[in-house]
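[1] I'd like to go over a predicted model; first the sequence, then the structure.
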Amino acid sequence: MIVIGEKINGAIPAVGKAIAERNKVFIQTLALKETEDGADYLDVCAGTDVGVEWDALKWLIETVQEVTETPLCLDSPNPHILEAAMSLVKRPGIMNSASGEGDKCKVIFPLLRDNEWKVILLTCNDNGIPADGKSKIEIAGCLIETAEGYGIDQDRIYVDPLVMSVSTVNSSMLDFIEAVKGIKTQYPDVKITSGLSNISYGMPCRKLINKAFLAMALQAGMDSAIMDPGDREMLGTILAAEVLMGQDKYCRRYNRAYRAGKIGKKNSK
Ligand code: THG
């Protein structure tokens, strides 16, 4: 399971405040914590108004790279900002994201020629975000094939099938799983990623839903999630799911995490 740490995001009020105040220590502490918690990539999103996003993102990238070598996942809705941000980044990371909207593919895909950068592809286009699995698969296929034309192999692509909130679309997870399975059948080397909290929007006890979603999505073939790597219950769910799927030989990783106090009740092994 590839973990993309979600905490360096200006949409989180305390982080937005730290970015506005250019509070280096706050951001660097977060970056180090996510790294220690085992994040494979750090999502960096300024999440501010369009006019000031570039300055904020530039500062964020420089600030984070001062303290950690964990590769970054550059997160912006603006492909031109992603293009400019890429030149500041020291080692190949993930572009979050391209999609069928506007000129995103035309701007992002040429940037990935002849390097090791990866890209998240969202299953949406100028007609919006489809809820049904079949349309998600169709859009993903179209984007994957366009990417191939730019020399981007399947193993550098993460598709995010944009799960809906289950309070609005009752079949939300089932549609997501249909998309995961369909995309993996047609493009076996493509990876699947997702945020974990969109599904529970509008529901009480959101984390219960998020954890059940994570376990079922993993079983369906999801490879990665954008999540809080320090969330003990979420980590426990991942490790338990990997045990149950027969992916953790002799349950070693689960037992090791337990002995290290990383899962289960805090301070009571
Ligand atoms: N797909 C892709 N990119 C994305 C998302 C996605 N980028 C942004 C977002 N969704 C993922 N990032 C976040 C960041 C923070 C929170 C949710 C998603 C969040 N944080 C709260 C906090 O930190 O205070 C609560 C955390 C918690 O309770 O665990 O809600 O879907 N491609």
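    Cool, the structure landed. If you're wondering where the values come from, they're calculated on a predicted model, not measured in any experiment.
[2] what parts of the protein come near the ligand?
    For the chain, the contact set with the ligand under CB under 6 Å from any ligand atom comprises 6-7, 9, 12, 45, 75, 96-97, 120, 160, 195, 197-198, 226, 228, 231. Bear in mind the C-beta positions are built from the backbone N, C-alpha and C, glycine included.
[3] tell me the secondary structure for the spatially most central residue of the chain?
    Centroid check for the chain by CA atoms, centre = their mean gives I226 as the closest residue, at 3.2 Å. Three-state call for I226 (DSSP: H, G, I helix; E, B strand; the rest coil): strand.
[4] is it true that it touches V44?
    No - I226 is beyond contact range of V44, at 11.7 Å (criterion: CB atoms under 8 Å).
[5] intersection of neighbour lists for these two?
    C73 (CB atoms under 8 Å, 6 or more residues apart in numbering).
[6] show me what the residue of the chain found nearest the ligand bridges to in the sheet.
    In the chain, the residue that lies nearest the ligand is G195 (2.6 Å; CB to the nearest ligand atom). Beta-bridge pairing for G195 (DSSP bridges): I226.
[7] that one: neighbouring residues, count only.
    Counted with other CB atoms under 10 Å, residues neighbouring G195 total 16.
[8] residues in contact with the spatially closest residue to L196 that is not a sequence neighbour?
    Nearest residue to L196 in three dimensions, chain neighbours excluded: N210, at 4.7 Å (CB to CB, 6 or more residues apart in numbering). By CB under 8 Å, 6+ apart, N210 lies in contact with L196, S197, I199, S200, M234.
[9] re the thing from before, so which of the residues of the chain next to the ligand sit within helices?
    Per DSSP state H, helices hold no members of those.
[10] widest-spaced pair of those?
    S97 and D231 (22.6 Å; CB to CB).
[11] ok, these two, which is more surrounded?
    For S97 versus D231, neighbours defined as other CB under 10 Å are more numerous around S97 (24 against 17).
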